[in-house]
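In: Have a look at this prediction, sequence included:
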Amino acid sequence: MGNKKIQLRAYPKFWMNGDVKEYVLEYRIVPKELNWFKRKFFNHWHSIHCASCYSDYIHELTINNPSKLNDYKHKFKTEWDIEAFENDQLIKANRKHAELESERKRKARIFY
């Protein structure tokens, strides 16, 4: 990833009845930062990822209220900000997962 400026948006996810469930935060590079070819064909929206210590998969960063988008716009201004956030989330999840695993192993001792 480069250090290019980004655009951020909140994309709605819906329940089966059509109500908005939550908003997924997505980003793309500001088109002026790219040459014309990449601007037209390769500048897609990407979701920001989070890791969870309670599951083994990575999920999308979501918000419940679109007014929180401005807080994230101040937090994420470049691609490096997003990469640092994703790496930090992954490190925190791995540490918490290791703590939970050691606690589980400690409780799972067999006594004779």
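Out: Thanks, I have it.
In: Output the longest helix belonging to the chain.
Out: helix 79-107 (DSSP state H).
In: And that helix, what does it pack against?
Out: In terms of contacts (3 or more C-beta pairs under 8 Å, 6 or more residues apart in numbering; DSSP states H and E), helix 79-107 is packed against strand 6-14, strand 49-51. The C-beta positions use only the backbone N, C-alpha and C, and glycine is treated the same way.
In: rerun that using 6 Å as the cut-off
Out: Applying 3 or more C-beta pairs under 6 Å, 6 or more residues apart in numbering; DSSP states H and E, we find helix 79-107 packed against strand 49-51.
In: Nearest residue to the middle of the protein?
Out: residue 49 (2.4 Å; C-alpha atoms, centre = their mean).
In: hang on, isn't that one packed against residue 88?
Out: No: the criterion here is C-beta atoms under 6 Å, and residue 49 misses it with residue 88 at 11.6 Å.
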